[in-house]
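Trainee: Here is the input, now give the coordinates:
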Amino acid sequence: MQATPSCSSSLFLLAPTPFPPLRPILRRRRDTDRLAGSLRRNLHEMEEPCLSTQLIDGDGVFNVSGLESFLKEVKLAECGLSYAVVSIMGPQSSGKSTLLNHLFRTNFREMDAFRGRSQTTKGIWMAQAKNIEPCTLVMDLEGTDGRERGEDDTAFEKQSALFALAVSDIVLINMWCHDIGREQAANKPLLKTVFQVMMRLFSPRKTTMLFVIRDKSKTPLENLEPILREDIQKIWDGVPKPHAHKETPLSDFFNVQVVALNSYEEKEELFKEQVSSLRDRFQHSIAPGGLAGDRRGVVPASGFSFSSQHFWKVIKENKDLDLPAHKVMVATVRCEEIGNEKLASFTADEEWQQFEEAVQSDYVPGFGKHISSLLDRCLSEYDMEAIYFDEGVRTSKRQQLESKLLQLVNPAYQSLLGHLRARTLEAFKDSFEKALEKDGFAVAARDSVRIFLEKFDKGSEDATIQQVNWDSSKVRDKLKRDIEAHVVSVRATKLSELCAGYEGKLTKALAEPVEALLDSASEETWPAIRKLLQRETKAAVSGLESAISTFELDEATEKELLSRLENHGRGVVESKAKEEAARVLIRMKDRFSMLFSRDADSMPRVWTGKEDIKAITKTARSASMKLLSTMAAIRLDEDGDNIDNTLSLALVDTTRPGTTDRSIQSLDPLASSSWERVPEERTLISPVQCKSLWRQFKAETEYTVTQAIAAQEANKRNNNWLPPPWALAAMAVLGFNEFMTLLRNPFYLAVMFVVFLVGKALWVQLDIANEFRNGFLPALLSLSTKFVPTIMNILKRLADAGAEPPVPQREMELQPKSTRNSSNSNVTSAGSSSITSSENGPEYSSPIAQ
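Mentor: Numbering: from 1, shown residues only. Below you'll find the predicted structure:
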């Protein structure tokens, strides 16, 4: 029985049969290829783990740490605005998780039908869709109308629905096909909830609402969709709306689309094919014309976590959501976080730290270029991360970041300018000193200032940061002030050195000649001093004027310097005059001593008794008085005065015989503290001081005059050896007989002559006259000790002279005349006495004693 069908089958296969139609064959092949590709994709996706996390638990607690970890794993922050959020809402146990798992290859927990129908998803779960571009986040919401929460506990349903509308680009409404057209269908409360919470969104964005009709029946979708849209419109019209949206159509809030799927349990393969076709619609969903709706309110990926947390916080507090304000708030917080991150990154940047450390000690070339590059890189990174946030907030926070960065850089910039200023100033000082050796002061200063200000400008331009227009003029002005102050200081120093040099030359040219002229103290003293002062001052002023011409001084300053030099010359003369005036008494005594103690040939004066001591004294005192008159006042101007006459009348001429008028003598011209026609500042010695000095001068020179008079008297006594005339007359009368005896006997006369020679020799050798000046007794004692040696010396020399052989007359005649004269001179000097004078009288020396 079993073999028959087999044989018939074989025969049937061998029998000629017509070819089947081509279209069904091609369709089956395409379905087979699609199924094979789907299987390959499924195998590949099974190898890759699906990332998911519970976003909000059943009690409404937001899982912050879980969301942060999930977003880091999926690298959402790198997506910018290129991401989409899909959420699904629907009745409990309506196959929402199953649909998402097949549609996005997620791993949400599915209900086990064999264990009964119960709640599977609690709270809100989130996962990443696999192999869908761009990055798509899928949220599986807890089902509505569940018996676990009860009829009255609809708060979480509304909160989760509002949260899904706030964060999702596409909202899937999972509904049963048999509920379409029914008044008490399970989807109507869900739609009412969605439309009601939509009113709590201020300026909501247009969201795509994709109705997924599950377990599609034989009724075509073309017939089901109008009925569904009609039911949706009725629900929208019946929902209470704010006054501002009374007439707003549903299309302004939602982009409604409808898709139908067969039963997963009954037609699994067909269900999977339909889901795969629907999956293709989610590829590039955010592109223009894509499935996603209005993208104007989308939050950048880096702010998604904070935005979601804030949304849920506001929803939990039962407050209305202001999406535009929320967008600004998220942008504010997130941009500020990005700004702080970039600021911290810039602060920790090693290159910036090196520059910051380097500028603390010295100028760093290329600072502006490098720092501008670092700032530009930091701001560019901020722009890249914050590009998708609100433009106004992004720009404001960028400005804040830039301001903070510049505040961080500014101290280094100021320090750099400070080092640049100090370096430029030091270089200017060195260059300026060298320039002064080549050029004149004014030219060197002008050129150096211009060159180094240009160098500073170039250095400050090199330090300029592109992101800000910092003004370096204050530092430049300070540098300019420092340079000008240095120039002024150097100019003052150079001028001071020049003036000091010429003042020194003028002082040297005036001091000694003025002192000599004042010491001479004649009527031509001050005219000569004036002439000397004018000549030397003119020469010094001319030299200084030529030297300071390179400084290009203003006329007033130049006149001041020249006037100062002229005044210095006068000051030297006045100072020297004051010095000499202080020593006038010593000068007067010196002059008196010189004129009184020395003759016209400047030889020491010997008071022999013939000199007129009174006349000599008067002459010496008149010369001293002339010195006093010369030193009494400074006469650098040609104004006349009568100091000389006054002093002469008051001091020297008071003893004249003619000045016997008591009325004249009673008027003392020196009884005054100032001179007539002489200003007080030009007075060196007042009349009263002159009188006092003269009195002191006379007292100190009186002793010299007295000594001279005494010496003259003593000299007269010493030189008078003859007896008085009466004694000579008595001797002539009484000694007449003895004189006649000598005439009659010449031998007595020869003996007396020999005795006279011997006595004269003894007188000279023993210096009897000087010995007796010391007293009679001391003279006798001294002569007694020297008498015998002197006699022996005289006898010895006589014996030596007698022992010499006589010189023949012929030899005497043959000797040169000079030799004979020399011999005669020697003999004469040996046989005669030499006379010297001392201060107290003549002194005699004998050749014998020599």
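Trainee: Just say helix, strand or coil for Thr617.
Mentor: For Thr617, the assignment made with DSSP: H, G, I helix; E, B strand; the rest coil gives helix.
Trainee: Please enumerate the helices of the stretch 701-850 of the chain.
Mentor: 725-734, 736-744, 746-766, 768-773, 776-803, 809-814, 817-831 (DSSP state H, counting those that start in this stretch).
Trainee: For Glu638, which of those is the nearest?
Mentor: Glu638 lies closest to helix 768-773 among the helices of the stretch 701-850 of the chain, at 58.5 Å (CB to CB). C-beta here means a position set from N, CA and C on the backbone, and glycine is covered the same way.
Trainee: chain center to that closest one: distance?
Mentor: 93 Å (CA atoms, centre = their mean, to the nearest Å).
Trainee: shift numbering so it begins at 9
Mentor: Understood, numbering begins at 9; the last thing we discussed is helix 776-781.
Trainee: Just the buried positions in it, please.
Mentor: Buried residues in helix 776-781, counted by 16 or more other CB atoms under 10 Å: 776-779.
Trainee: Dihedrals phi and psi, Ser557?
Mentor: With angles defined as degrees, to the nearest 10, Ser557 sits at phi -70, psi -30.
Trainee: Identify the residue spatially nearest to it, adjacent ones excluded.
Mentor: Spatial nearest neighbour of Ser557, excluding adjacent residues (CB to CB, 6 or more residues apart in numbering): Gly448 at 8.0 Å.
Trainee: Now stretch 745-754 - C-alpha only, CSV.
Mentor: C-alpha atoms of stretch 745-754 as CSV (Å, rounded to 0.1, in the frame of the first residue of the first chain):
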residue,chain,number,x,y,z
ASN,A,745,155.4,162.8,79.2
GLU,A,746,154.9,159.1,78.4
PHE,A,747,154.0,159.9,74.7
MET,A,748,157.3,161.9,74.5
THR,A,749,159.2,159.0,76.0
LEU,A,750,157.9,156.6,73.3
LEU,A,751,158.9,159.0,70.6
ARG,A,752,162.4,159.2,72.0
ASN,A,753,162.7,155.4,72.3
PRO,A,754,161.3,153.5,69.1
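Trainee: Quick one: mean pLDDT for that stretch?
Mentor: Model confidence over stretch 745-754 averages 76 on the pLDDT scale.
Trainee: if I pick the residue nearest to Ser557, what's in contact with it?
Mentor: 557-560 (CB atoms under 8 Å, 6 or more residues apart in numbering).
Trainee: what do you get if the cut-off is 10 Å, keeping everything else the same?
Mentor: 454, 557-560 (CB atoms under 10 Å, 6 or more residues apart in numbering).
Trainee: From Thr129, how far out is it?
Mentor: 97 Å (CB to CB, to the nearest Å).
Trainee: Gln368 too?
Mentor: For Gln368 relative to Thr129 (CB to CB), the value is 62 Å.
Trainee: between those two, who's got more neighbours?
Mentor: Taking other CB atoms under 10 Å, Gln368 and Thr129 do not tie; Thr129 has more neighbours (23 against 13).
Trainee: What score does that one have for pLDDT?
Mentor: Thr129 carries a pLDDT value of 76.
Trainee: ok, it touching Thr114?
Mentor: No - counting by CB atoms under 10 Å, Thr129 does not reach Thr114; the two are 11.9 Å apart.
Trainee: Can you pull the residues that touch both of these two?
Mentor: 105, 108, 148.
Trainee: okay but the second one is in contact with Thr144, surely?
Mentor: Looking back up the chat, that one is Leu108. No - the pair Leu108 and Thr144 fails to qualify as a contact (CB under 10 Å) at a distance of 11.0 Å.
Trainee: Centre of the chain to stretch 583-594, how far?
Mentor: Computed by CA atoms, centre = their mean, the chain-centroid distance of stretch 583-594 equals 53 Å.
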